[in-house]
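Chemist: return a 3D structure for these sequence lines:
(chains A, B and C)
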Amino acid sequence: MSEQFEPVIVGFLCNWCSYRAADLAGTARIKYAPNMRAIRVMCSGRIDPQFVLKALREGADGVLIAGCHPGECHYVNGNIKAIRRFILMKKMLRQLGVEEDRVQLVWASASEGTILAAKVDSMTEQVRALGPLHWNETVLGGGNGHNAEIAEPVAEEV
Amino acid sequence: MKRITIDPITRLEGHGKIEIFLNEEGNVENAYLQIPELRGFEQFSVGRPAEEMPRITNRICGVCPEAHHMAGTKALDALFGVEPAPVVKKIREMFYSAFYCTDHAVHFYALGGPDFVLGPDSNPAERNILGVIHKVGVEIGKQVIAQRKRNHEVIQWLGGRGIHPVAGLPGGWSVAVTEEMRKEIEEIAKKNIEFGEFSLQLFADVVLANQAYVDLIVSDMFTEATYYMGTVDENNQSNFYDGKIRVVAPDGSEFVKYEPKDYAQHIAERVEPWSYLKFPYLKGGLEGLY
Amino acid sequence: MSEKPKLAMYWSASCGGCEISVLNIHEHILTVDEVFDIAFFPCIADFKVKDVEGYPDGYIDVCLWNGAIRNSEGEEMAHLLRKKSKFMVAYGSCAYEGCIPALSNLTSKEATFNAVYIDNPSIENPDKIFPQEVTTMPEGDLTLPKFWHTVKALDQVIDVDYYLPGCPPEPPQIWAVLQVIVGALLEGKPLPPKGSLVGHSGVAVCEECPLEKSEKTIARFYRPYEIVPEPGVCLLEQGIVCNGPATVGGCGALCPQVGMGCRGCYGPLPGVEDQGAKMLSAIASVIGAGEAGMDEHEIERQIEEVVDTLVDPAGTFYRFSMAKSFLRRANTNGNGKGD
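Modeler: The predicted structure is shown next:
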């Protein structure tokens, strides 16, 4: 197949730091992978693990969580909550058979456009190497669960 | 060949269907009891914390969750190498005995009872606990309800919940018994004995006094001589909570008595392609008898 | 034929606990008997599938369905009873969200069959026989339902009118709901909107729990046997995992009151789709590790240390709700472990 797989990465970026970092990457015309679709939240602490799982279920190949550096959170410790949830969620995702690199976290302050861009680049390549997730089709057999049978996942090296 | 399908089997916990094949003379050529269900506890329990087993395996059955909870708890005792303190064993046994008192009432009146009380020729639409209550009267129905209610209260006091208890711990039990509870349970135990005597009398009056029923029950059609297995204490008396497993042969002699942990030396399971349920059998027993 | 409304109670992949929970409304069962005729209730009555197939559509007024959808028989019966029933109630956790049988979604059909029929201490199966959908015997063909790879909740196969949560639902809730149904059938009283979750408190189990709650900062988690909890104090605060914060109440917070953490059997709070994710969020938020001002790596390290003491997050947070989680199952690669 001549077409390269383009990962769909959903990004949850906090308003005060990482979203501004993304803005800066844009105004500074930094070239980086276009694969991350940015969703702005007020704080990385707003990111409900449900968002991450829903994204993975509905077609995302990866999810990026981005926030302020610890100590710089606009709401003091929202990002601390975010990393606590992220670490516990990684442990759970392992049990669910979701590869390590598909859900990542980065701290990027408003002036760190290059850091955010670099993260998006590296994550895009890591997810590209893993291949599409397509959870609904490959793991759940497609449809909305109203199928007569749900397909066995194709055995793949994780 | 004529085929009769009974689907589903009823008045028990679980799923099953029976296929009966009749030959030209109208006699049974063969019959198959197929169990169409499998949930896979053996596999999905893997990876769960060991101490959660009593709270997961009690969902094997919601009619007898106390039994599964207790088996899981005793397995934890063995796994952790802990001998429970005497008071723990007493609380567990008390809890378990209350379970037996309500469970046997359910079997006697609701599950097996309708066949005996209403008879094999009764209307299938009425052959159930409600039919039994209509026949023997609502006062007796209320007694059965009261029996279950008081014993389920004990189960909830001692096990944490009325259905799917949670108190089992390795070498322990998470509920303590207060003096108040103990007194109430003692009263309940006395009422249980009265209820047992009452039920036996009812059986004598309604079933044993009816010769037609008795002839049917002891006839070849309803009798099968099997091995019999139960938990006994050192005097070979029944103890539902703990003891050795004693197996008695059809002729009444003791076939084997073993420690529960040695079960795999005495029981094995076979598989048939026409049922999801396996066929446990007694090793060394009479051929063809399970 | 009697004009009384018709009641059915059927089970798929379940345990019978829901049937017993109905009996545990005790004397109220006599009212149920006065109001309803039983049309199909395999646990206690002798009606057969053939009887149900012969009923006109909508003949059954209320069908209490408990059990998750594990195989083709469950799915077929769901469609049949949906057709024959006016109201279909997803009764209990299995029908509502998969419950314990849905833990099977963390493993695979392959691993399950291997554990049950081949690889266990008591099996004698040298010919490696597995159950088959069709077995030809000398007398005729015998059939079995097909075992699905993934356990489903009831509303993932049919349209459901009401949900009654709990494993099983508690008798006071059951009786309250039955009274609403009886009121609607006999007196035309209004029913809650279709699709409602009924028989719950609307708020978290913590609201019903009498244990004293103060500040939560968990330094480490303890498995239930590792410590004796201080009586009267919130279990979660002492490091014992309790799903109360992410579970809707109505059960009376029975488990925490005997020192055993809630495992979430009543399901998520209204408005939450994925109970396990919410529980993960609640527990993680109160991990007392990492502070603003610390070195980033130190924060991670401290949090990892605490998270290491929490075993089996998937099986604990999704103990009852795996079928309704966003991911629904683990991607198992056939090794059965999902890790």
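Chemist: tell me how many other residues crowd the residue of chain C found nearest chain A.
Modeler: Among all residues of chain C, C:N331 sits closest to chain A, at 3.2 Å; criterion: C-beta to the nearest C-beta. For the C-beta atoms, the positions are set from N, CA and C on the backbone; glycine is no exception. Neighbours of C:N331 under the rule other C-beta atoms under 10 Å in any protein chain shown: 20.
Chemist: and whatever residue of chain A ends up closest to chain C, helix, strand or coil?
Modeler: Ranking the residues of chain A by distance to chain C (C-beta to the nearest C-beta) places A:G97 first, at 3.2 Å. State at A:G97, reduced to three classes by DSSP: H, G, I helix; E, B strand; the rest coil: coil.
Chemist: how about C:Y163?
Modeler: Taking three-state DSSP, the label given to C:Y163 is strand.
Chemist: can you give me the distance of B:N236 to B:K244?
Modeler: 9 Å (C-beta to C-beta, to the nearest Å).
Chemist: quick one, which of these two is more surrounded?
Modeler: The neighbour comparison of B:N236 against B:K244 (other C-beta under 10 Å) goes to B:K244, with 17 against 14.
Chemist: so that one is in contact with B:V256, correct?
Modeler: No. In this structure, B:K244 is not within contact of B:V256 by C-beta atoms under 8 Å, at 9.8 Å.
Chemist: tell me where chain A has helices.
Modeler: Here chain A has its helices, by DSSP state H, at A:18-27, A:49-57, A:78-95, A:113-130.
Chemist: burial check on the residue of chain A closest to chain C, number of neighbours?
Modeler: 23.
Chemist: now it: phi and psi?
Modeler: phi 80, psi 20 (degrees, to the nearest 10).
Chemist: thinking it is in contact with C:T332, fair?
Modeler: Yes. Shown here, A:G97 and C:T332 form a contact pair, counting by C-beta under 8 Å, at 5.9 Å.
Chemist: do you know how far the residue nearest to A:Q4 when sequence neighbours are not counted is from chain B?
Modeler: Closest residue to A:Q4 in three dimensions, ignoring its sequence neighbours and counting by C-beta to C-beta, 6 or more residues apart in numbering or on different chains: A:R128, at 7.4 Å. Relative to chain B, A:R128 is positioned 31 Å away (criterion: C-beta to the nearest C-beta, to the nearest Å).
Chemist: contacting residues for A:R128?
Modeler: A:R128 makes contacts with A:4-7, as judged by C-beta atoms under 8 Å, 6 or more residues apart in numbering or on different chains.
Chemist: tell me the confidence at C:N333?
Modeler: Per-residue pLDDT puts C:N333 at 65.
Chemist: longest helix in chain B, please.
Modeler: Max-length helix for chain B by DSSP H is helix B:179-203.
Chemist: and it, what's buried?
Modeler: In terms of neighbour count (16 or more other C-beta atoms under 10 Å in any protein chain shown), helix B:179-203 has its buried residues at B:185, B:188-189, B:192, B:195, B:199, B:202.
Chemist: ok, how many other residues are close to C:Y117?
Modeler: Neighbours of C:Y117 (other C-beta under 10 Å): 20.
Chemist: and the residue nearest to A:Q4, how close does it get to B:P84?
Modeler: A:R128 is 57 Å from B:P84, by C-beta to C-beta.
Chemist: for chain C, which segments count as strands?
Modeler: Per DSSP state E, chain C carries strands over the ranges C:6-11, C:37-40, C:60-66, C:69-71, C:85-91, C:134-137, C:140-143, C:147-152, C:162-164, C:196-197.
Chemist: can you lay out the ones you listed as a markdown table showing mean pLDDT, distance to chain A and mean neighbour count?
Modeler: Below are the strands of chain C laid out as a markdown table (pLDDT from 0 to 100; distance: least, C-beta to the nearest C-beta, whole Å; neighbours: other C-beta atoms under 10 Å in any protein chain shown):
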| stretch | mean pLDDT | distance to chain A | mean neighbour count |
| --- | --- | --- | --- |
| strand C:6-11 | 98 | 20 | 25 |
| strand C:37-40 | 96 | 24 | 22 |
| strand C:60-66 | 97 | 16 | 26 |
| strand C:69-71 | 97 | 9 | 26 |
| strand C:85-91 | 97 | 14 | 24 |
| strand C:134-137 | 98 | 16 | 13 |
| strand C:140-143 | 97 | 16 | 15 |
| strand C:147-152 | 96 | 4 | 24 |
| strand C:162-164 | 97 | 16 | 24 |
| strand C:196-197 | 96 | 18 | 16 |
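Chemist: rewinding a little: gap between the nearest residue to the residue of chain C closest to chain A once chain neighbours are set aside and C:I181?
Modeler: The shortest distance from C:N331 to any non-neighbouring residue, by C-beta to C-beta, 6+ apart, is to A:G97 (3.2 Å). Using C-beta to C-beta, one obtains 42 Å as the distance from A:G97 to C:I181.
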